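K.L.:
Based on what follows, work out the 3D shape:
(2 chains)
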Amino acid sequence: MHRGWLLFVLSGTALLAADGAKVPPAPAAPERIEVPPPPFSDGIFPCSNCHSSMPVNRTRRELKDMHTDIVLKHDEAHRWCLDCHDATNRDFLHLASGERVPFDESYRLCGQCHGEKYRDWRAGVHGRRTGNWNGAKQYLLCANCHNPHQPHFKALAPKPAPLPPTRSMK
Amino acid sequence: MNAPQDPSRRMFMATAGGAAAGLVMTACGPKRLYEMPPEKLKHSIAQMERDYKQRFGREITVSDQGPLPGVHFAYALDISRCIGCRRCVYACVNENNQSRDPQIQWIRVFEMEEEKGVDFTHGNPYYHPAEVPQEGHFYIPVACQQCEDPPCTKVCPTGATWSEKDGIVVIDYDWCIGCRYCMAACPYGARHFNWKTPGIPANEINPHTHYLGNRPRPKGVVEKCTFCIQRTREGRYPACVEVCPVGARKFGNILDPDSEIRYIIEHKRVLVLKEELNTVPRFFYFYAT
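P.N.:
Residues are numbered from 1 along each chain as shown, chains lettered A, B, ... in the order given. A predicted model of the protein is given here:
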């Protein structure tokens, strides 16, 4: 009687274990997120339009001829263009590992330093989402709100203050 | 001689019993909208839509969409992100057909002093600098906290306000008599009274309305935030969530373990306003950083 029970329990455990083994672990690679197009300045992309015919100059320097409107205020003491922009294919960015990243996946690049923000953004905590709370949501790229060259969020003019209460109704 | 005594006592008991039963039926969560037979409700909504068309000269739909099963709404606002720009205030006014004149705004944004912390005695809703955020300040928008145990619904003498199954505290404007007991009971100043017929330009009316939410109100009733019931019961985000330029506003189903709202409550520093009152708000404030 006891042995029968034991066998039953054991076989049950074995079944459970076998069942559990069939379920593969969740894939580690992060899924690609649907984002709006990156906020390029007009007519600037693809960068290769100009850059493909130019020699690559990897010397860190102040740009004098082109892109003079870009003022880097983003760890400028340690960073410059080619730390994020890919020198050999200008239509891409690149990670620290050298892996090329298209502009519409730039969040992977930002996430290298801002891992905590990246995690929060993926979870829907950092950044604005629109659409459905229980369905399709629209994300924004980091660059849609933060200028990558000057990421600090710009101050805004507030909308009008509420009217204070009056002593009597008009 | 002794005959009248017994009937009068019986009469008294019957009357008192009836009155007590009546009071119980009135005061203990009657959910007025749901007492109405469905055909009557349909008829009443059709009548309402005709009246609104006459009042505003355009088609206005009134939905009676009920709560979604397995859903309990909750809201979270990131105090470390809000810059006090008041975009939410005006998006809410437009979405929910609040009176422009006299002015009614369901969201009130307080400018707080960093040195004093979350202390509303130092909160200023009338700030108007050229740019926000201002150095040394942070900002806390306050609207209805959608309490789990709302003090406002308990004091309503007509049963015109109650908690829905999805956690939204609603008002049936047709049953509100404008006594404003609920406004006195609310510890958050979240309820607003229509002293006059709401003044809304006809071309600014949001025609997509809900019976218990943003349908145009008459004079003499109380109104408040409903988590944009007309949007959220269709699965959409509230208007304030979508307009916030810094993404400080988060909304979702607290019963869904994968929702962003649950992520926030489980991973971030979260607070509720006036926790000591035990109203159990479904509106959380948090610090993402």
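K.L.:
from here on, contacts and neighbour counts on C-alpha atoms
P.N.:
Fine.
K.L.:
so which helix or strand takes in residue 77?
P.N.:
Reading this off chain A. Under the criterion DSSP states H and E, no helix or strand holds residue A:77.
K.L.:
sorry, should have said chain B
P.N.:
Using DSSP H and E, the element containing residue B:77 is strand B:73-78.
K.L.:
quick one, helices of chain A?
P.N.:
Secondary structure of chain A (DSSP state H): helices at A:2-22, A:48-51, A:106-113, A:115-123, A:142-145.
K.L.:
what comes up buried for the strand holding residue B:77?
P.N.:
Within strand B:73-78, the residues that count as buried by 16 or more other CA atoms under 10 Å in any protein chain shown are B:73, B:74, B:75, B:76, B:77, B:78.
K.L.:
Run through the neighbouring helices and strands of that strand.
P.N.:
strand B:249-253, helix B:260-267, strand B:283-287 (3 or more CA pairs under 8 Å, 6 or more residues apart in numbering or on different chains; DSSP states H and E).
K.L.:
mind redoing it with 6 Å?
P.N.:
Applying 3 or more CA pairs under 6 Å, 6 or more residues apart in numbering or on different chains; DSSP states H and E, we find strand B:73-78 packed against strand B:249-253, strand B:283-287.
K.L.:
In chain B, which residue is most central in space?
P.N.:
residue B:225 (3.3 Å; CA atoms, centre = their mean).
K.L.:
right, and the secondary structure at that residue would be what?
P.N.:
For residue B:225, the secondary structure call by DSSP: H, G, I helix; E, B strand; the rest coil comes out as coil.
K.L.:
distance of the residue minimising distance to the centre of chain A from residue B:160?
P.N.:
Most central in chain A under CA atoms, centre = their mean is residue A:107, positioned 2.1 Å from the mean C-alpha point. Residue A:107 sits 49 Å away from residue B:160, taking CA to CA, to the nearest Å as the criterion.
K.L.:
Check residue B:19 too.
P.N.:
Separation of residue B:19 from residue B:160 (CA to CA) stands at 19 Å.
K.L.:
These two - which one has more neighbours?
P.N.:
Neighbour comparison, residue B:19 and residue B:160: the larger count goes to residue B:160, with 23 against 12 (by other CA atoms under 10 Å in any protein chain shown).
K.L.:
Surely that one is in contact with residue B:173?
P.N.:
No. Using CA atoms under 6 Å, residue B:160 is not in contact with residue B:173; the gap is 7.1 Å.
K.L.:
my guess is the residue nearest to the centre of chain B contacts residue B:144, does it?
P.N.:
Yes. Under the criterion of CA under 6 Å, residue B:225 makes contact with residue B:144 at 5.4 Å.
K.L.:
who touches residue B:88 in this structure?
P.N.:
residue B:240 (CA atoms under 6 Å, 6 or more residues apart in numbering or on different chains).
K.L.:
Can you tell me the SS state at residue B:90?
P.N.:
Residue B:90 - assigned by three-state DSSP - is helix.
K.L.:
any idea how far it lies from residue B:99?
P.N.:
According to CA to CA, residue B:90 stands 11 Å off from residue B:99.
K.L.:
on that earlier part again, check the gap between the residue nearest to the centre of chain B and chain A for me.
P.N.:
17 Å (CA to the nearest CA, to the nearest Å).
K.L.:
list the contacts for that residue?
P.N.:
Going by CA under 6 Å, 6+ apart, the list of residues near residue B:225 reads B:106, B:144.
K.L.:
Let's see that with 7 Å instead.
P.N.:
B:106, B:143, B:144 (CA atoms under 7 Å, 6 or more residues apart in numbering or on different chains).
K.L.:
Can you list the low-confidence ranges for chain A?
P.N.:
Along chain A, segments meeting pLDDT under 70 span A:1-32, A:168-170.
K.L.:
Show me what from it comes close to chain B.
P.N.:
Contact residues (CA under 7 Å from any CA of the partner chain) of chain A with chain B: A:123-134, A:155-159, A:161-162.
K.L.:
let's go with 8 Å and repeat that
P.N.:
Residues of chain A lying close to chain B (CA under 8 Å from any CA of the partner chain) are A:123-135, A:145, A:155-164.
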